[in-house]
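Undergrad: Return atomic coordinates for the entry below.
(chains A and B)
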Amino acid sequence: MVQQAEQPSRVPDRRRGPLAGFRITDFCWMGVGALATRVLADFGAQVIRIEDRNRLDMPRRLPLYKDGDVRAYGEEDPDPDPDKGGMFNNYNRNKLGITLNMRDERGRKLARELIRRSDLLTENFAPGVMERWGLDEASVRQIQPDIIYARMSGFGHSGPQTEYRSYGPVVQAVCGLSHVSGLPGREPSGWGLSYMDNQAAYYNAAAMLAAIFARQRTGVGTDIDVSAVEAGIELLGPLLLDVTVNGRSTRNDQFPTGNRLEWPPAAPHGVYPSLGEDRWVAIAVFTEVEWQALVRAMGNPAWATEPPFATMDSRVANQDALDVHIGAWTATRDRHEVMELLQGFGVRAGAVQDAQDITERDPEMRRRNALFELDHPVIGTAMFEGVPFTSTGFAPHHWRSGPLLGEDNHWVLTSVLGLDPEEVDSLQAEGVLT
Amino acid sequence: MSAPYTGVRVLELAADPGGELLGHQFVNLGAEVVKLEPPGGVPSRHIGPAANGHDDPDHRLAYWYYNGGKASVVLDLHEAADRAVFERLLAEADVCISTVHPIELAELELDWHAVAAAHPRLIVVSATPFALDGPWARRRSCDLVGLATSGLLVTSGYDDHSIPPIRPGGDQAYHTTASFGHIAVALALIQRERSGQGCVIDLSMHESAGLTVELANPYWFYPKGLVKRQTCRHAQPVPTAPALFECMDGRYVYFALILADPKPWRALVEWMQSDDLAVDLDDPAFDDVEHRQANFGHIQDVVEVFFLLRDANSAYHEGQARGLPIGILNAPEDLLADEHLQERGFFVPVDEPDTPGVLHPGVPYRFSSLDTAPLAPAARLGADTERFVTRGWQHR
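TA: Here you go, the predicted structure:
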């Protein structure tokens, strides 16, 4: 049975923000799509997620449960409670959720009716899924000529590898971001996260917002094709031009350079051990003034005045020896104390913080609601990731945690599509709503 | 067709890769971007490799990468006359991108809120290490320190924890800031179409990277788990199997062996069988997920050998043809030969100063009914100073 929004605070109301009044029919799922539309929902858009009870969105299944045991994300429950998943909650706050059976023509008709009333249509399925439902670009534009149709994928919607399967780590590998990360002379350390799920989401969100801005001014919609691999290539940075202009090779035992910089010259520039198990502090010195400040902060040790460390060039040349000295100094100190001390002297230094530090200790993350809390009927109060900026002109409107599965079936079908409550009940009974 | 930001005037006061990438993205989508540079030029004109045979501010690759298509206007904001030019340009700008640190803002007697009050339609986006005010505002940062404090760095490195966390490449603390900056400015432009009012956006690099950690934060929010770095794969609260496989040619592929899902398992075994390299994995006993899990070490060994006996490119393309989410670890130089990128025309030649046909990555967004700007070369230092000083935005 579908749970409905019973608490008054969960019933959709007027949204606030730059995107208030914009409606999005949102077929996105997994990480990239959900994150891309999250920022639109945060800033006022009415995002209606289309879900399928028989093909649960993976973040609903991932075993990140409050008060649950700590396990690998692959160790799902055999029959997971779709409303308990923390990843889904984090990705889908401020959105509405309906469960539509797209294998049934009546379900597809309801989707078309929603699209007709929408400003944006979004999806990040494998290629061909939307086409199978009759929602190719041309058909969608017949339903709603001015719509913005955002299609998010790993490889883009043209070219021989369009159908290649990808998720964050595959995109990071293919675009080059994994290869450029690691210590010289050994396998890449790459990325400990689906960085390109996040970045592809940001690129897609920016493209959708640019298209919304253009539509405000011209009245014309557009299809959008963003390839995560291509976004990842843009993120490689100037190294790419060293390859295309100077013919540089990056396959050798000098590259990548770990925590040291190829340029500009900076030494020390590294991550050093501190008190505690697997605790570290990052220190970076780019100028002579910063070096002198670091030496003072360390109490003017004799070694620091020796010739190998006299200039930036000599420090760069003698980084191995320099790092031993710096590491010996940091190893007996707390990482946050080192950060406080060095920052007090004007030296770039940062404790290597983890999620507990970010949530419980860091004075910045909660100050401006980059992290904030919302209640959820099944999960209870939970922490959420917000946005990393404030504006004097607008703010995120966090009105509700993630939708329960099918929570907004009644509201959307009656308030948006104008159906009678009885019609909705029979659609539910007949399996058109799953 | 026109580009989304056609007619949008952007004044860029950016000295780091985050602010420069943000301006670049606005150029790509049609904005007119004027880059204000101090006498001598911004840092990207002075650091890193230059084009072959050159060693001057007009040929630095870091500048070319981020600044193509921007006008270059040199102003000394400490000088009254130049400051007046700056004020005139601000008055008719739509967006001002700033990476000026709060300490330097104070030295310049520049207060973005006062600027916004004087220019109500202006959108200012200030990207700084720790926002404009608050307890850490005066602190100094950089890409490494930004990744460290944000919680991103701790997720990345090697299984061997005697090795510190390793910074992933490419200035990504700055780049995440650029991404959120783009979103924030686009929201402000949309808002301004409705209200006529600009705003000041106070964007933090620390927070940008801190919200780009994927599993790490929710693992702490929910089951109170802390993820631990593992070589070139997801940091997780418990150790998982290696996902990096070395191939015959010394290159690597990324492939996460997911045992629980029968479909990719069958696809993998069929692939191995076709090369007579399945060893005993086609034994029906392995159809049972519990048997697979109990013999995980053995499976991993057999798969390692399988990849060692083929080259990375064939492993990538054949694995993908069989529906497996496998990725080759391309080096940047490999990308130029990628037939998919070639067919999409992704890399675009640009005639940079004294260097024709420099291949740049193309614009990573494609629109059916909107243009993007053709890639344009980087300006020589101060090339546009005179016309902007004399005629401002009306220079054309």
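
Undergrad: Contacts for stretch B:300-310, please.
TA: For stretch B:300-310, the surrounding residues in contact (CB atoms under 8 Å, 6 or more residues apart in numbering or on different chains) are B:241-242, B:245-248, B:253, B:255, B:257, B:268, B:272, B:275, B:277-281, B:315. The way it works is simple: take the backbone N, C-alpha and C, and place the C-beta from them, glycine included.

Undergrad: redo that, cut-off 7 Å
TA: Stretch B:300-310 is contacted from outside by B:A241, B:F245, B:E246, B:C247, B:M248, B:V253, B:L257, B:M272, B:L277, B:V279, B:L281, B:A315, using CB atoms under 7 Å, 6 or more residues apart in numbering or on different chains.

Undergrad: residues contacting the residue in the stretch 101-250 of chain B positioned nearest to chain A?
TA: Relative to chain A, the nearest point of the stretch 101-250 of chain B is B:C199 (2.9 Å; CB to the nearest CB). Contacts for B:C199 (CB under 7 Å, 6+ apart) come out as A:S391, A:T392, A:G393, A:F394, B:A116, B:I123, B:A188.

Undergrad: Report the beta-bridge partners for it.
TA: B:I123 (DSSP bridges).

Undergrad: Can you tell me how far it is from B:A117?
TA: Between B:C199 and B:A117 the computed distance is 11 Å (CB to CB, to the nearest Å).

Undergrad: Tell me the confidence at the residue of the stretch 251-400 of chain A found nearest chain B?
TA: Minimum separation of the stretch 251-400 of chain A from chain B (CB to the nearest CB) falls at A:G393, amounting to 2.9 Å. pLDDT recorded at A:G393 is 97.

Undergrad: For my notes, confirm B:P239 occurs in a helix.
TA: No - B:P239: not assigned to a helix; according to DSSP: H, G, I helix; E, B strand; the rest coil it is coil.

Undergrad: Could you tell me how many residues sit around it?
TA: When neighbours are counted by other CB atoms under 10 Å in any protein chain shown, B:P239 registers 10.

Undergrad: quick revisit: is it true that the residue of the stretch 251-400 of chain A closest to chain B touches B:I190?
TA: No - contact between A:G393 and B:I190 fails when scored by CB atoms under 7 Å: they sit 10.6 Å apart.

Undergrad: Those two: which is more packed in?
TA: Per other CB under 10 Å, whichever of A:G393 and B:I190 has more neighbours is B:I190, with 23 against 18.

Undergrad: Need the per-residue pLDDT for residue 155.
TA: Going with chain A. With respect to pLDDT, A:F155 has a value of 97.

Undergrad: not quite, I wanted chain B
TA: Reported pLDDT for B:T155: 98.

Undergrad: and the closest residue to it other than its chain neighbours, backbone torsions?
TA: The shortest distance from B:T155 to any non-neighbouring residue, by CB to CB, 6 or more residues apart in numbering or on different chains, is to A:G192 (3.4 Å). With angles defined as degrees, to the nearest 10, A:G192 sits at phi -90, psi 20.

Undergrad: for residue 103, helix, strand, or coil?
TA: I went with chain A, as the question did not name one. Assigned by three-state DSSP, the conformation of A:R103 is coil.

Undergrad: From chain B, how far out is it?
TA: Distance, A:R103 to chain B, by CB to the nearest CB, to the nearest Å: 19 Å.

Undergrad: Please tell me I have it right and the residue nearest to B:T155 contacts B:T231.
TA: No - taking CB under 7 Å as the definition, A:G192 is not a contact partner of B:T231, at 9.0 Å.

Undergrad: So those two - more neighbours on which side?
TA: Between A:G192 and B:T231, counted using other CB under 10 Å, A:G192 has the larger neighbour count: 31 against 21.

Undergrad: which residues of chain B score low on pLDDT?
TA: When residues are selected by pLDDT under 70, those of chain B lie in B:396.

Undergrad: Which residue lies nearest the spatial centre of it?
TA: The centroid of chain B falls nearest to B:H175 when counting by CA atoms, centre = their mean (4.0 Å).

Undergrad: Tally up the residues packed near B:M248, please.
TA: Counted with other CB under 10 Å, B:M248 comes out at 13.

Undergrad: Same question for B:H340.
TA: Counted with other CB under 10 Å, B:H340 comes out at 19.

Undergrad: got it, and the one 5 residues further on?
TA: One way to gauge burial is a neighbour count; for B:G345, by other CB under 10 Å, it gives 10.

Undergrad: and it, what is it in contact with?
TA: B:G362.

Undergrad: Residue 136: what's its closest spatial neighbour, skipping adjacent residues?
TA: Assuming you mean chain A. Nearest one to A:D136, counting by CB to CB, 6+ apart, is A:M130 at 6.6 Å.

Undergrad: The chain in question should be chain B.
TA: Sequence neighbours aside, B:F130 is the residue nearest to B:W136 in space, at 3.9 Å (criterion: CB to CB, 6+ apart).

Undergrad: Buried residues of stretch B:152-172, list them for me.
TA: Neighbour-count burial for stretch B:152-172 flags B:152-158, B:163-172 (criterion: 16 or more other CB atoms under 10 Å in any protein chain shown).

Undergrad: measure A:V129 to A:R103 for me?
TA: 11 Å.

Undergrad: Over to A:Q46?
TA: 26 Å.

Undergrad: Which of these two has more residues huddled nearby?
TA: More crowded of A:Q46 and A:R103, by other CB under 10 Å: A:Q46, with 24 against 15.

Undergrad: surely the more buried one meets A:D26?
TA: No - with contacts counted by CB under 7 Å, A:Q46 stays clear of A:D26, the gap being 9.8 Å.

Undergrad: how about residue 161, secondary structure?
TA: Chain wasn't specified; assuming chain A. Per three-state DSSP, A:Q161 ends up coil.
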